[in-house]
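> sequence first, then the predicted structure:
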There are 2 protein chains.
Amino acid sequence: MVQVLDKRVERSKASVLAETYRQLTQSGLSGVSIDEVSRASGVSKTTIYRHWPSRSALLIDACSRLGGAYPPPDTGTVRADLHALLTNLAEQLQTAAWASVYPSIIDAAERDREIAALQCGLHKSFMGPFHAVVERAKDRGEVQRDRPAADVIAAVVGPLFYRRWFSKEPIKAEFVDAIIDAVI
Amino acid sequence: MVQVLDKRVERSKASVLAETYRQLTQSGLSGVSIDEVSRASGVSKTTIYRHWPSRSALLIDACSRLGGAYPPPDTGTVRADLHALLTNLAEQLQTAAWASVYPSIIDAAERDREIAALQCGLHKSFMGPFHAVVERAKDRGEVQRDRPAADVIAAVVGPLFYRRWFSKEPIKAEFVDAIIDAVI
């Protein structure tokens, strides 16, 4: 009996999360309405608030599905490793749903502490593979030991973010190559 | 009589714009409420909608006050010109009100065509001095003729935007110097 109940709870939590994620990718963070999540998922607001104490808590849970972690490439050279990471990032920025949701998180993080903490966690998780690759390059002597990894990452990732969200230019392969050449 | 009326109209338009700008810098684009603008400025909603046909039109007018245009530096070298521009940008990103409002425009631009057009205009105006400086550097032979100015700009501005809005790291003078060294 307890197991059946547990399964029901898991199912209703999953449908709330799925609907929240759907609204999130469609309308951004500020477009998520608990009333609408309740209506579309068929889970009552009382039940939703039993699982997530606040709207922010639910948003944070749904956002944690954006961009999963993946192992950093290990080709043997920092140039090829960065090429693999940046090519993948360029592809994602131009096609993945999270790329159009992320600005709503960046915006909310300016004014909401809980969302700022969420954004900080997401950013660290997105940049994890870059850190691993640059630290390995330092061990191999390809990047100067005293050069902060965060500086290298800002110099290669920054221009791609700029193109996707600010200048709205396409991110081409030659652009990615030139960025790597300039930094390494 | 016509002149008196004109002055009154100008005064009420100015107070609507000032109040919209205040809400904008405090709560971002989505935090601007026409009801609240009307209440705080003492100008009726009917009058507001007579001057601005839609909420977007008012927002666009208020946003156009963010970041004014300024003449590009002309020190004689691209390195010193970029240094002046990037030092000023770093300062503004870390202190100016528009820096905390801009993500709300970036976010809304993902889903709203009018705001996307506004963002495009703001971006062009922000980047105007950078374009002038890089084109002048090409004329002097400091930057290769066939290198797109937009690529140089993405490589120097992108890392600063990344630090302000994504990694939330401070933007120090040495970081700015290293960015210029890598690109020029």
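Received it, and whenever you're ready, just let me know what you need.
> check what pLDDT the closest residue to A:Thr25 other than its chain neighbours gets.
If you skip the residues right next to it in sequence, A:Thr25 has A:Ala97 as its closest partner in space, 4.2 Å away by C-beta to C-beta, 6 or more residues apart in numbering or on different chains. For glycine as for every other residue, the C-beta is placed from the backbone atoms N, C-alpha and C. Each residue has a pLDDT score; the one for A:Ala97 is 85.
> now do A:Ala97 against chain B, distance only.
For A:Ala97, the distance to chain B under the criterion C-beta to the nearest C-beta, to the nearest Å works out to 11 Å.
> same thing with A:Ala178?
6 Å.
> can you classify that residue as helix, strand or coil?
Remark: A:Ala178 carries the secondary structure label helix [criterion: DSSP: H, G, I helix; E, B strand; the rest coil].
> which residue is the nearest non-sequential neighbour of it?
B:Asp151 (6.3 Å).
> touching, the residue nearest to A:Thr25 and A:Ser27? I think so.
No: the pair A:Ala97 and A:Ser27 fails to qualify as a contact (C-beta atoms under 8 Å) at a distance of 11.8 Å.
> and the helices in chain A?
With DSSP state H applied, chain A shows helices at A:2-27, A:34-41, A:45-51, A:55-63, A:78-95, A:97-109, A:113-139, A:149-161, A:173-183, listed in chain order.
> these into a markdown table, with extra columns for mean neighbour count and distance to B:Glu19?
Rendered in a markdown table, the data for the helices of chain A read as follows (neighbours: other C-beta atoms under 10 Å in any protein chain shown; distance: least, C-beta to C-beta, whole Å):
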| stretch | mean neighbour count | distance to B:Glu19 |
| --- | --- | --- |
| helix A:2-27 | 15 | 27 |
| helix A:34-41 | 16 | 30 |
| helix A:45-51 | 14 | 34 |
| helix A:55-63 | 20 | 28 |
| helix A:78-95 | 17 | 36 |
| helix A:97-109 | 23 | 21 |
| helix A:113-139 | 17 | 26 |
| helix A:149-161 | 23 | 33 |
| helix A:173-183 | 17 | 42 |
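> right, and these - which one's nearest A:Tyr70?
helix A:113-139 (6.5 Å; C-beta to C-beta).
> now do the closest one against helix A:55-63, angle only.
Between the axes of helix A:113-139 and helix A:55-63, defined by axes from the mean of the first three to the mean of the last three C-alpha atoms, to 10 degrees, the angle is 30 degrees.
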